[in-house]
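[1] dropping the sequence and predicted coords here.
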Amino acid sequence: MILALTISFAIVGVHLAIKELLSHSKGVDIDQIYEETHEVTDDLRLVKTWRTHLAKPLFYCVTCMSSIWGTFFYILLAPQVYFGWSLVAWYLPTIFMVALFGTWIYKLYNGTK
């Protein structure tokens with residue numbers, strides 16, 4: 001559970017860092033980019049749709065980020081935490097807890113329900 005909380009804080013930090021980095025360096029709001037991709041029609045729709053599918057687990061959605069970033073941090077941190085326990089057996093429960101805790105932390109940060 002402590003590992004899941006640690007990973008959740010790391011994922012929320014990665015999300016906020018990427019959001020601020022794009023906002024300050026490029027003047028880009030990722031929320032605006034994500035919403036614009038749903039309004040496009042015709043030939044660009046396929047390209048825009050793939051951008052949204054890649055953006056969600058990489059940097060847009062904190063809950064969706066738990067699958068990719070949670071796996072990365074789990075591989076990085078789990079051997080130091082679970083000394084003799086099966087790493088594979090603890091993977092799925094940890095990632096589910098990361099998704100849950102990450103969503104709660106981000107909602108507390110934003111003040112949303």
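    On my side now, so go ahead. Numbering: from 1, shown residues only.
[2] next, count neighbours for residue 25.
    Neighbourhood size, residue 25 [other C-beta atoms under 10 Å]: 8. Yep, even glycine has a C-beta here, placed from its N, CA and C like the rest.
[3] how near is it to residue 55?
    From residue 25 across to residue 55, the span is 17 Å (C-beta to C-beta, to the nearest Å).
[4] same thing with residue 71?
    To residue 55, residue 71 is 18 Å away according to C-beta to C-beta.
[5] which helices and strands does the longest helix along the chain pack with?
    Longest helix in the chain by number of residues (criterion: DSSP state H): helix 87-110. The contact analysis (3 or more C-beta pairs under 8 Å, 6 or more residues apart in numbering; DSSP states H and E) places helix 87-110 against helix 2-21, helix 62-81.
[6] name the residues of it that come out as buried.
    If you call a residue buried by 16 or more other C-beta atoms under 10 Å, then helix 87-110 has these buried ones: 90, 94-95, 97-99, 101-103, 105-106.
[7] out of those, the closest to residue 29 would be?
    Lowest distance from residue 29 to those (C-beta to C-beta) belongs to residue 106, with 16.8 Å.
[8] what does stretch 56-69 contact?
    Here stretch 56-69 makes contact (C-beta atoms under 8 Å, 6 or more residues apart in numbering) with 7-8, 10-12, 14-15, 18-19, 30, 34, 52, 95, 98-99, 102-103, 105-106.
[9] and that stretch, average pLDDT?
    Computed over stretch 56-69, the mean pLDDT rounds to 83.
[10] show the end-to-end separation of it, please.
    Distance between the two ends of stretch 56-69: 12 Å, counting by C-alpha to C-alpha, to the nearest Å.
[11] distance between it and the chain's centre?
    Relative to the chain's own centre, stretch 56-69 is displaced by 3 Å; criterion: C-alpha atoms, centre = their mean, to the nearest Å.
[12] ok, now which ones touch residue 76?
    No contacts exist for residue 76 under C-beta under 8 Å, 6+ apart.
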